[in-house]
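Enquirer: need coordinates for the following:
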Amino acid sequence: MNALALALALGSSIVWGTADFAGGALTRRLPTFAVTVVSQAAGFVALLLVFAVRGDLASRSFAYGLIAGAGGGIGLAAFYRALSLGTMSVVSPIAACGAVVPFGISTSLRMHPSPSRRGTACLHSSPCSARCIRLSRSSSRTRCSASV
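Expert: Numbering: from 1, shown residues only. Here you go, the predicted model:
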């Protein structure tokens, strides 16, 4: 793996983690809707800059982008709401298990992933499962089984 890929991955993880932490912390003081709108507006500005540079936009791509953006915004609002109500160290790992959903769908559609991707999925889902099992034993109020 080259140094540029590692630097981009590290930078991305730092920015993503900081944004999740800051968004969760802000929703404890401000309305979830307002925090979500501001965070999505920042992404929209970046999209406009890319569009200004590229200059073209296919209608089909635009429609898919609208659908994906709406879904992402709703998911982000739910994530921020969960962070505002619960403990970040519980909510974040459970939300990270969301990658299991597309993996499960692709597997059910017989799009067989490579052995390395199956291994990666197991590594990602194992901590989520272990966390939920530990939480469900420690607190009767915590319900993780639906999230995994």
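Enquirer: switch to C-alpha atoms for all contacts and neighbour counts from now on
Expert: Fine.
Enquirer: which parts of the one helix or strand Leu83 maps to are buried?
Expert: Assigned by DSSP states H and E, Leu83 belongs to helix 59-85. The neighbour-count check on helix 59-85 (16 or more other CA atoms under 10 Å) flags 73, 76-84 as buried.
Enquirer: the residue of the chain most remote from its centre and Leu49, how far apart?
Expert: In the chain, Gly55 marks the outermost C-alpha relative to the chain mean, sitting 28.6 Å out by CA atoms, centre = their mean. Per CA to CA, to the nearest Å, Gly55 is found 10 Å from Leu49.
Enquirer: same question, Ser12
Expert: 19 Å.
Enquirer: and for Pro115?
Expert: 38 Å.
Enquirer: can you check Gly71 too?
Expert: 22 Å.
Enquirer: same check on Arg81?
Expert: From Arg81 to Leu49 the distance is 29 Å (CA to CA).
Enquirer: please apply the same query to Ala58.
Expert: Ala58 is 16 Å from Leu49, by CA to CA.
Enquirer: quick one, which of these two is more surrounded?
Expert: Leu49 (12 against 7; other CA atoms under 10 Å).
Enquirer: name the SS class of that one, please.
Expert: What DSSP: H, G, I helix; E, B strand; the rest coil gives for Leu49 is helix.
Enquirer: and Leu57, what are its phi and psi?
Expert: For Leu57, the backbone dihedrals are phi -150, psi 110 (criterion: degrees, to the nearest 10).
Enquirer: likewise for Gly86?
Expert: phi -120, psi -170.
Enquirer: and stretch 47-59, average pLDDT?
Expert: For stretch 47-59, mean pLDDT is 80.
Enquirer: next one: that stretch to chain centre, how far?
Expert: 24 Å (CA atoms, centre = their mean, to the nearest Å).
Enquirer: which other residues reach that stretch?
Expert: Stretch 47-59 has contacts (CA atoms under 8 Å, 6 or more residues apart in numbering) with no other residue.
Enquirer: pLDDT below threshold where in this protein?
Expert: 1, 113, 116-148 (pLDDT under 70).
Enquirer: how's it carved up into domains?
Expert: 15-85, 88-148 (automatic domain parsing).
Enquirer: appreciated, that's everything.
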